[in-house]
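**Student:** below: sequence and its predicted model.
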Amino acid sequence: MKANAFRLAVLCGVCLVAKQAHSETVTLQDIVKATAPLPTARIYVAREVVTLDPHKPSATAVAVVGDRVLATGTLEQLKAAAGDQPYTVDATFADKSSFPDSSRSTTIRY
């Protein structure tokens, strides 16, 4: 047990010296963020998603985590972009069009 504690102390000392040598601040929050599992994304498919992006005015799928839109595109593009991040595909709006409503900060689906 004491040997493990000693190894941990040495490792922490090496990490602190390395951190000081590179002049980077590393916090426990940084370590947790770097090692935390990726949240599950939900990819909604729709007949049309109006994006208000002049370079990509519409899409057929939108990837969301929590209350944040991550990306828009086709289902195939978003699956490829997800990489190792877990995701689920939701076809609730597959036969609907989705339009942003800036007056209510929400989305209207027709």
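**Tutor:** Ah, there it is.

**Student:** give me the domain ranges for the chain.
**Tutor:** Annotated domains of the chain cover 2-35, 41-109 [automatic domain parsing].

**Student:** worst mean pLDDT among those?
**Tutor:** Across the domains of the chain, domain 2-35 has the smallest mean pLDDT, namely a mean of 56.

**Student:** the chain: strands as residue ranges?
**Tutor:** With DSSP state E, the ranges of strands along the chain come out as 41-53, 56-65, 68-73, 87-90, 97-101, 106-109.

**Student:** now tabulate those strands in TSV and tack on mean neighbour count and distance to Leu28.
**Tutor:** To be clear about C-beta, it is placed using only N, CA and C from the backbone, and glycine gets the same treatment. As requested, the strands of the chain are exported to TSV (neighbours: other Cβ atoms under 10 Å; distance: least, Cβ to Cβ, whole Å):
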stretch	mean neighbour count	distance to Leu28
strand 41-53	18	26
strand 56-65	17	23
strand 68-73	16	24
strand 87-90	15	29
strand 97-101	14	38
strand 106-109	12	37
